[in-house]
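In: Got a sequence here, can you model it:
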Amino acid sequence: MWLQCQQAGNYNGSVLTRSLLHLLLCCALLGATACQRADINNNEAVRSAVVSYIASRGDLSLTELDITVRNVSFQGDRCEAEVLFSPKGQGPENGMTMQYELERDGAVWKVKPKAPGAHAATPHGDMPSPPTGESPPLPAGHPPVAPQGGEPQ
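Out: Below you'll find the predicted structure:
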């Protein structure tokens with residue numbers, strides 16, 4: 001009789017242990033699935049992508065800029081954002097605004113590089129492109145600049 005009770009206790013313990021392991025496994029799978037499709041439809045995720053993109057280019061010092069994401073439009077795996085760059089500690093009136101297109105790449109946004117020849121609009125209108133091999137024209141009133149290795153123009 002005692003042997004039967006002990007065997008029944010082991011069986012119940014075994015079932016309980018298996019059930020608990022199954023439950024933990026299901027929770028882990030659900031958690032992993034949820035992490036794969038994290039909610040990145042927010043300004044901070046877009047700002048992080050823009051900062052990474054600018055840093056990878058290496059032509060701007062990010063430590064001297066305030067970067068503010070404005071007017072983000074999310075459309076599934078794509079988004080468009082207006083980003084304000086201004087000198088640290090100065091207001092937005094001293095900055096410039098750029099438009100970015102981004103694509104979802106897993107759990108992060110990535111900036112889509114501009115097509116060759118595409119450029120951002122400037123507040124001064126489009127500047128004519130100089131003929132090949134020539135320097136761009138200087139603005140009116142600009143002092144003469146010496147060509148590389150020569151006398152001022």
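In: Tell me the spacing between Ser48 and Lys110.
Out: As judged by Cβ to Cβ, to the nearest Å, Ser48 and Lys110 stand 11 Å apart. For every residue, glycine as well, the C-beta is placed using N, CA and C.
In: Check Lys88 too.
Out: From Lys88 to Lys110 the distance is 26 Å (Cβ to Cβ).
In: With neighbour numbers in mind, choose between these two.
Out: A direct count of neighbours by other Cβ atoms under 10 Å for Lys88 and Lys110 places Lys110 higher, at 13 against 9.
In: Strands of this protein, start to end?
Out: Here the chain has its strands, by DSSP state E, at 65-75, 78-87, 96-105, 108-111.
In: Pick the most buried one from those.
Out: Ranked by mean neighbour count under mean count of other Cβ atoms under 10 Å, these are led by strand 108-111, which reaches a mean of 19.
In: what helices or strands is that one leaning on?
Out: If you count contacts as 3 or more Cβ pairs under 8 Å, 6 or more residues apart in numbering; DSSP states H and E, strand 108-111 packs onto helix 43-57, strand 96-105.
In: List the strands paired with the last one, with their directions.
Out: Yep, that's strand 96-105 we're talking about. strand 78-87 (antiparallel), strand 108-111 (antiparallel) (DSSP bridges).
In: For Tyr53, which of the ones you listed is the nearest?
Out: The minimum distance between Tyr53 and the strands paired with strand 96-105 falls on strand 108-111, with 3.8 Å, by Cβ to Cβ.
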